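Chemist: Quick one: sequence plus predicted model below, questions after.
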Amino acid sequence: MKPLLSILLISLLSFYSVSLQKNSNMKPYKNKPKKNYQFQSDRIPEFFDSRVNFSGCIHLTDNYSSCGSDFAIAAASMLSDRLCIQTNQKYNFLLSAQEIINCDVDETQCKGNGEDVFDFLTLHGIPSNDCVHYTNIGPGQCNEKSCTNTSISYIPYKCNPESVATLTNPYDIKREIMANGPVYAEFDLYDDFEGYHSGVYFRMSSKIIGTKAVKIFGWGSENANYYWICANNKGYRWGEEGYFRISISEVNIAAKAYFCNPQLTESMIN
């Protein structure tokens, strides 16, 4: 009986060995969950520039240095970019910062902030810059629902009220920029900022002179220094052709980012 069992055991072992050799190219099954890459916006790249990804839709403003109206310029520029992006460049023009300066009764002497200006963009809206052109001399008369350029019809472009929001987490801000375009942000302004020429800005001064509003539209890193890419309101001769890079950890930049999407009709997107 024992010799018969030995023969059977040897036969089974031989068969199993041959089977393993035939299936040696098969990989063992591992019961691990697959990583979900369905939402590509969750995969944040190390570098992103809306001038490339949303080519043709990122507007650089002229030298709007007077009046301290950067809050109006940054907000109008942000909405202009998003209007262009979400209509596939069908509506590709700069919106009027001057309308905010003239008509936003919550702002005085050209000063403003993100919360108030986004309320104005939602409730009132702004026309094109060709309709109410920037004067660079401060507040003018609010000719509500009429253009200073009489050859153009007054058409206001508003924030969709359901889209108005703020973000404080840098990763959330990046996802929002990737998905929908630039955001509005403010930072502590020190007196060495206006002397910026190029590279990544790091504060060297200890003298704070106010708060500045800008448009953030990208990010990257240089020598392990992570930065935001922003637009100033000084024209293309300032900084890096009107733009600048600033360390993510500096001057409370993007401590709170504001944004909205434009209110669209079917005819605007079809």
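Modeler: Yep, it's here.
Chemist: Tell me where the chain has helices.
Modeler: In the chain, the segments counted as helices under DSSP state H are 2-22, 50-53, 70-86, 97-103, 114-123, 170-180, 266-269.
Chemist: Please produce CSV containing those, extended by distance to Gln141, mean pLDDT and mean neighbour count.
Modeler: Backbone N, C-alpha and C define where each C-beta goes, glycine included. Shown next, in CSV, are the helices of the chain (distance: least, Cβ to Cβ, whole Å; pLDDT from 0 to 100; neighbours: other Cβ atoms under 10 Å):
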stretch, distance to Gln141, mean pLDDT, mean neighbour count
helix 2-22, 89, 44, 9
helix 50-53, 35, 97, 16
helix 70-86, 16, 95, 26
helix 97-103, 7, 89, 26
helix 114-123, 17, 92, 19
helix 170-180, 34, 96, 18
helix 266-269, 30, 88, 10
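Chemist: Those helices into JSON lines, with extra columns for distance to Lys145?
Modeler: Converted to JSON lines, these look like this (distance: least, Cβ to Cβ, whole Å):
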{"stretch": "helix 2-22", "distance to Lys145": "81"}
{"stretch": "helix 50-53", "distance to Lys145": "32"}
{"stretch": "helix 70-86", "distance to Lys145": "17"}
{"stretch": "helix 97-103", "distance to Lys145": "10"}
{"stretch": "helix 114-123", "distance to Lys145": "13"}
{"stretch": "helix 170-180", "distance to Lys145": "28"}
{"stretch": "helix 266-269", "distance to Lys145": "19"}
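Chemist: Any idea which of those helices gets closest to Glu194?
Modeler: helix 70-86 (11.9 Å; Cβ to Cβ).
Chemist: Could you name the helices and strands sitting against the closest one?
Modeler: Packing contacts for helix 70-86, counted by 3 or more Cβ pairs under 8 Å, 6 or more residues apart in numbering; DSSP states H and E, involve helix 97-103, helix 114-123, helix 170-180, strand 183-190, strand 208-222, strand 257-259.
Chemist: can you list the ones you listed in CSV and add distance to Ser77?
Modeler: Formatted as CSV, the helices and strands packed on helix 70-86 follow (distance: least, Cβ to Cβ, whole Å):
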stretch, distance to Ser77
helix 97-103, 8
helix 114-123, 12
helix 170-180, 14
strand 183-190, 9
strand 208-222, 5
strand 257-259, 12
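Chemist: quick one on the thing from earlier: which one of the helices of the chain lies nearest to Tyr201?
Modeler: With Cβ to Cβ as the yardstick, what comes closest out of these is helix 70-86 (15.8 Å).
Chemist: can you give me the offset of the closest one from its chain's centre?
Modeler: 10 Å (Cα atoms, centre = their mean, to the nearest Å).
Chemist: could you dump it to CSV, C-alpha only?
Modeler: This file holds the C-alpha atoms of helix 70-86, laid out as CSV (Å, rounded to 0.1, in the frame of the first residue of the first chain):
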residue,chain,number,x,y,z
ASP,A,70,-6.0,97.3,-8.1
PHE,A,71,-9.0,95.6,-6.4
ALA,A,72,-11.2,96.6,-9.4
ILE,A,73,-8.6,95.8,-12.0
ALA,A,74,-7.8,92.3,-10.6
ALA,A,75,-11.5,91.4,-10.2
ALA,A,76,-12.5,92.7,-13.7
SER,A,77,-9.5,90.9,-15.3
MET,A,78,-10.3,87.6,-13.5
LEU,A,79,-13.9,87.7,-14.7
SER,A,80,-12.7,88.7,-18.3
ASP,A,81,-10.5,85.6,-18.4
ARG,A,82,-13.1,83.2,-17.2
LEU,A,83,-15.7,84.6,-19.6
CYS,A,84,-13.3,83.9,-22.4
ILE,A,85,-12.4,80.4,-21.2
GLN,A,86,-16.0,79.3,-20.6
